[in-house]
Every structure is written in structure tokens, then in C-alpha cells.
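Engineer: build me a structure from this.
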Amino acid sequence: MEEQIRETKTLPEITFFFEDFLKYLKRLFYVPVILALAASIVLCGYSYLRYHPMYEAYATFAVQLNGQYGAASSYYSKATAEQLEKTFPAILNSGILNDTVANDLGVDKLPASIHASAGNAALFTIRCTAADPGDAYDVLMATIKNYPSVAQYVVGDTSLLLVDESGIPEEPYNSVAFIGSVKKGCVIGIVLSAALIALLAATRKTVRSVEDIRRILNIRCIASLPQIRIKRRSDSSGENHIIAFRHNVSRSYTDAVRLMGVRAEAFLKKEGGKVLMVTSAVPGEGKTSVSSGLALAFSKQGKRVALIDCDLRNPSVLPRFKKDVGEQSGIFEYLCGQVKLPEIFLPLEPNLCVVHAGKPVQNASEVLDSAAVRRLIEYAGEQFDVVILDTPPSYLLSDALSVAKVADSVLFVIKRNYARTHAVTEAVDRIAETKLPFLGCVLNG
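Structural biologist: Okay, the predicted model is just below:
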């Protein structure tokens, strides 16, 4: 198997926040869609309920001052149209035009609003908008009739030559703003989702450093392994998956594994034991990689090592060393009497034998607590210098507690920024209740 391996260094705290943010975003990818859809539906409904159709009647005129002729008249008419546009708001605000039009229509208050604009030529347009198309048109006609007399005090005596007019409008000029509501809903959904995910990321409590291990667990950390990312290009090679001592792994990672082996050996020698249990709080923290790397480190020191896969529910040790496991006999076959005890110890590396878990079982806790498994581990202790037991995660399962009865010490693996703090502390507390000495913790990644 050809692989390209990259190593990353420990990152600052803010990086863990963005890492958690991206994790939650991938996991909750549907939340922005749901919130955006919900916000769009609400806003569209709100826009529909608040929608009131409005009708617009308009008329366009050519503007000319009475008494002006020739080329100058055309130029002056354009200037007059622009002046009319500028003075129109003042005329409206003064109330003179509104009062005049209202008196002409015989009403106390105009049922429409009036606006005016000037075009590029000597053209002037008056627009009237109202909720009723008839009101819009009536106000327009009354405005056309009375506007010149009102405006003459500002721009002089003018004439408005009708060029175009709408008549009584048949369709409202406005519509329900569904598109705008959908756009706003999408923005609201994205913002709310980002805020929710950011809150989850900010409140996520995990073990992220050696200091966290000391502060939260009060257990020493014997090794901090750099993060290793593997990109598999092909599965055609039979090379094992144990990366600790491969030629394309950085020296810092290999040295960290060696240091872990040296400290583990010193602890076992001091405590006078040789059976080491390796576990973690939850799946995916790399305990099998750590136990396999530790076994290789011991074997390279000249120790005779037995690595036993005690994860009877999900065997994973032997596939790390051997791609094609096939019908390899293991603990299950030994317990069933199909093979003898020495036959399940498979030599794979110099000074290293691996015991496969065999066929997966569901009652793993009872099996691991049996006299036959205790005999297996006792036999391994008699034949090897170091026995490493790769056990299931200890937060949700009791399998590790059964193994703890026959182990001399425990090594706890914690993946950086992975398991929740409460899961790690509860798993450690459960093991501590067995009175099994802690070799320490390994911060993985």
C-alpha cells in the first residue's frame, strides 16, 4: 500500500475552535438549509399578509413657457421641466396643490399620492398612486388640470402638452416580494446556523493539551504523539498499517513512540509487572495504533512482546500487521476448543507475537471475565517479557473492566480534541475504581 504521510504540529486554541466549527458544520449540514427554508417561508407569508396592491396612473407632458419661441424656447423648456421637477416636492409639502386638487375632487383628503419627474428632453411626468385604480386616475386628471396654475408662481406661466398617459390602470404596479423574502430568509438562516454552530464549537469541552490532562485527570502524560495524516493511494501493497517506525514517518513521531516505550518499561520494572492494558474513553482515539506502536518499541528494545487483541466485539490488531487476515484462529477459536493455546500466538515481527481476537462475539464482557481468558494471559506472562492488552473503549462498555482484573497497569489513550471531557473523566474514574495502577496517558494527535 503506497501512502503519503504528513505530520502537523500542535495548533493554538483558536484553531481548535475552527476545527470544531467545521466538524459541526459537516455533521449539521442540513441545519442551514432547514433554517433558511423556515425563515423564507415565514418571511414570504409575512410579505403576503402585508401585501396591498397599488395602482399607478401617469401622464407625460412637453413643457413650454408661454411667450417663448425658436431654439431658445426648446432649451428653455427643458430647463423649465427640470425646474418643475425640483420645485414639485416643495409645492406638495406646502399643501397648496393637494388642497387645490382635493377641492376640485370634492374630498377632504387625497386618496392618492402624487410624484413628478423630468426626462432627458423637455418632458415632465406626473404619477399618482393609490389603492384604487379609479382614485389614481381621478387624482391624476385633477392634478393635470390644477398644476400649471399652482406652479406659475414658481416658474412662471407654463403650458403642458400631453404626450402620453396611462388611462385607468388595470394591474397593480407592485407585487408580493417573494424573491426578496427568500433572499432575506437565506441570509437569516445562514447567520442563525453560523451562530448556533459557533456556540456549539465554543462550548465543546475536550482534552487538547498535556496541561489539560494534568489539570482535569491529575495523571501524568508519558507521551504526546504528533498528528499523522495518511493519504492512501493504493491498497495493492501488503505493508502493515503500523506507522510508528516506517521510513516515511518523521523522526519526531518515531522518537515520541520510543520515549513512550522507555517510560512504559521503567514503570513496569518499578511496579514489577509485565501485563499492560491499553484503553481509551471512546472509539476512534487511536488506542490500537498506540498499543501496536508500543509493542514494536518494546520489541526493538530486545523485549519478547505479546500483543493480545482483547476487543472481541471489533477485532482490529491483526489487520494492522497483516492485510489478509483470512481464517486466522484467535481467542474465540481457543475458547471453543478448536485450537490449542500456543497456536494462537502468531509471530509477525522479530520478538513480537500477536494474538488475534478471532470471530467477533457479543457477550465480550463475560468472555473476558472467564477463567480461560485468565489462563491465556497468564500463559503469555510466562512466555513473554511484556504483554500488551488492546482493550475496548471503557466509557460505554464494561469489557475493559473485566480485563483490568488480570492486568498489572493501564495506559490511557486520549485523542487530542476528540472525546468530550466528561466521557474521559468518567472512563478514567471507572478504571480507577478497580485499583489498577495508571502508567499514565498518551495524548494522540
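
Engineer: beta partners for residue 221?
Structural biologist: Counting by DSSP bridges, residue 221 is bridged to residue 441.

Engineer: any stretches of this structure with poor pLDDT?
Structural biologist: Counting by pLDDT under 70, the low-confidence segments of the chain come to 1-12, 63-81, 84-85, 89, 92-93, 119-122, 153-159, 229-249, 323, 325-326.

Engineer: make sure residue 402 is indeed in a helix.
Structural biologist: Yes - for residue 402, which was evaluated using DSSP: H, G, I helix; E, B strand; the rest coil, the result is membership in a helix.

Engineer: can you pull the contacts of it?
Structural biologist: Contacts were defined as Cβ atoms under 8 Å, 6 or more residues apart in numbering; by that measure residue 402 touches 365-366, 368-369. All C-beta spots, glycine's among them, are computed from the backbone N, C-alpha and C.

Engineer: ok, now residue 188?
Structural biologist: Residues counted as contacts of residue 188 (Cβ under 8 Å, 6+ apart) are 35-36, 39, 43.

Engineer: at 10 Å instead, please
Structural biologist: Shown here is residue 188, whose contacts under the criterion Cβ atoms under 10 Å, 6 or more residues apart in numbering are 35-36, 38-40, 42-43.

Engineer: which of the residues in the strand or helix carrying it are buried?
Structural biologist: Secondary structure here is read from DSSP states H and E; on that basis residue 188 sits in helix 178-203. Residues of helix 178-203 classed as buried under the neighbour-count rule (16 or more other Cβ atoms under 10 Å) are 181-182, 184-186, 188-189, 192-193, 197-198, 200-201.

Engineer: thinking again about what came up before, return the member of the contacts of residue 402 nearest to residue 52.
Structural biologist: Lowest distance from residue 52 to the contacts of residue 402 (Cβ to Cβ) belongs to residue 365, with 70.4 Å.

Engineer: which ones are touching that closest one?
Structural biologist: Contacts for residue 365 were tallied using Cβ under 10 Å, 6+ apart; they are 312-313, 392, 397-403.

Engineer: the contacts of residue 402 in helices, which ones?
Structural biologist: Counting by DSSP state H, the part of those found in helices is 365-366, 368.

Engineer: would you list the residues you listed in a markdown table and tack on distance to residue 226?
Structural biologist: What follows is these, written out as a markdown table (distance: Cβ to Cβ, whole Å):
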| residue | distance to residue 226 |
| --- | --- |
| 365 | 34 |
| 366 | 39 |
| 368 | 33 |
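
Engineer: closest one of these to residue 264?
Structural biologist: residue 368 (22.3 Å).

Engineer: please identify the helix or strand for residue 333.
Structural biologist: Assigning secondary structure by DSSP H and E places residue 333 in helix 331-335.

Engineer: whoops, I mixed them up, residue 414
Structural biologist: Counting by DSSP H and E, the secondary-structure element that holds residue 414 is strand 409-415.

Engineer: please identify the buried residues of that strand?
Structural biologist: Buried residues in strand 409-415, counted by 16+ other Cβ under 10 Å: 409-415.

Engineer: ok, then the element right after it?
Structural biologist: The helix or strand immediately downstream of strand 409-415 is helix 421-432, counting by DSSP H and E.

Engineer: measure the residue nearest to residue 134 when sequence neighbours are not counted to residue 146 for me?
Structural biologist: Across the structure, with Cβ to Cβ, 6 or more residues apart in numbering as the measure, the residue nearest residue 134 apart from its sequence neighbours is residue 168 (6.3 Å). Taking Cβ to Cβ, to the nearest Å as the measure, residue 168 falls 20 Å from residue 146.

Engineer: more neighbours: which of these two?
Structural biologist: Counted by other Cβ atoms under 10 Å, residue 168 and residue 146 do not tie: residue 146 has more neighbours, with 17 against 12.

Engineer: name the SS class of the more buried one, please.
Structural biologist: Following three-state DSSP, we place residue 146 in the helix state.

Engineer: roughly how far out does the helix holding residue 333 sit from the chain middle?
Structural biologist: Between the mean C-alpha location of helix 331-335 and the chain-wide mean there is a distance of 44 Å, by Cα atoms, centre = their mean, to the nearest Å.
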